[in-house]
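Participant: no sequence for this one, just the structure:
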Ligand SMILES: Cc1ncc(COP(=O)(O)O)c(C=O)c1O
């Protein structure tokens, strides 16, 4: 991938070369046993990933999008419900909501963390909704629809500020489903519980993606729902397998959304390295922080509050001259990304909801200024120096113009 770049945005080749004997052994075992679906690789991975996330259940599924959709459906989100999330995310977050035939609505993100702003969630619930104590339901005043769930996104590897979100959700009887698709191993310090908590363990359920570029990635597609709720886990297991817990008996209409055994075996091998890889990402982030500090007037580096241990799925800077900087870096052979250039409420796919520019200004400004720098376990200090000196060159040229 991006082999021509002097510093690629991501390197998926090297870790797979390093793990080749173990990965090939998994493939051989799957071939030899023809155990393509279910079986020991899946059981072991589900049990190991549940332990890693500090939850009772992990249900392997075919993608992060399905993990989120199944979690929402299993938690009881119904057609016509309103489900709250953020505009600054990958569209899969709201796709999953839409696929449940619910209507997504948005809470803007915090300007420093880029995750759901709990104050704005509070304002939304107070301004737009009424809580009916008798039915225990929160209703959207204008739309006369129940607001039933909230999906905070742990963006770029950093948890959303979960304490106030969980508190508001409890007050308004909303189900919290974490979008942890970018946050394998991230931690959040709950001031309320006075302890660190793992991403994927705080809501009623959570969704992870194992898309190849994630901190824990498959050699293909994959995802998982994690939960401490026995009923949700059982329901997700049924949904992923055509609504069935017993072969050819289908109490409900489900879906074909399983994680196959080969991917589960591969993920099992890679899971053993995840903590080490995450640590390398954290060290890379610290080096970037130091190298970019002299440019703090024009380049903002990621903000990590004291309650967060990010796993830096992405290292995202922000600068008013983003597009020119991206081109300058690209011309110098440095790969970057933009996550994401168009906030979801302004995506063409959601034009039917009639959101306007200006409604979620923090996400909109972020979308114009954010730039993801090369970030992966194995990125060297020398490569990072190249990235940062090229940014410094660009900034110096700007200053003298
Ligand atoms: C925040 C977020 N949510 C959901 C998803 C969906 O995951 P997948 O691509 O595995 O369906 C992704 C993956 O890119 C993501 O980044």
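Facilitator: Received, thanks. Quick caveat: nothing in here was measured; it's all calculated off a predicted structure.
Participant: Report how many residues lie close to residue 88.
Facilitator: 27 (other CB atoms under 10 Å). All C-beta spots, glycine's among them, are computed from the backbone N, C-alpha and C.
Participant: separation between it and the ligand?
Facilitator: The spacing between residue 88 and the ligand, counted by CB to the nearest ligand atom, to the nearest Å, is 10 Å.
Participant: same question, residue 93
Facilitator: Distance from residue 93 to the ligand, by CB to the nearest ligand atom: 5 Å.
Participant: wait, that residue sits on residue 347?
Facilitator: No - between residue 93 and residue 347 there is no contact under CB atoms under 8 Å: 11.5 Å.
Participant: More neighbours: which of those two?
Facilitator: Neighbours were counted for residue 93 and for residue 347 using other CB under 10 Å; residue 93 has more, 26 against 15.
Participant: those helices in the stretch 201-350 of the chain, which residues are they?
Facilitator: Ranges of helices in the stretch 201-350 of the chain, per DSSP state H, counting those that start in this stretch, are 230-239, 261-292, 322-331.
Participant: Nearest residue to the residue in the stretch 201-350 of the chain that the ligand sits nearest to in space, please, no chain neighbours.
Facilitator: The minimum distance from the stretch 201-350 of the chain to the ligand, using CB to the nearest ligand atom, falls at residue 209 (3.2 Å). Once flanking residues are discounted, residue 209 sits nearest to residue 64: 2.6 Å by CB to CB, 6 or more residues apart in numbering.
Participant: Please report the distance of the one you found from residue 98.
Facilitator: 15 Å (CB to CB, to the nearest Å).
Participant: Could you do residue 262 as well?
Facilitator: Distance from residue 262 to residue 98, by CB to CB: 30 Å.
Participant: Looking at these two, which one has more neighbours?
Facilitator: residue 262 (23 against 16).
Participant: Name the helix or strand for the closest residue to the more buried one other than its chain neighbours, please.
Facilitator: Closest residue to residue 262 apart from its sequence neighbours, by CB to CB, 6+ apart: residue 30 at 4.9 Å. According to DSSP states H and E, residue 30 maps onto helix 20-33.
Participant: Packing partners of that helix?
Facilitator: Secondary-structure packing of helix 20-33 (3 or more CB pairs under 8 Å, 6 or more residues apart in numbering; DSSP states H and E): helix 40-53, helix 261-292.
Participant: No further queries at this time; thank you.
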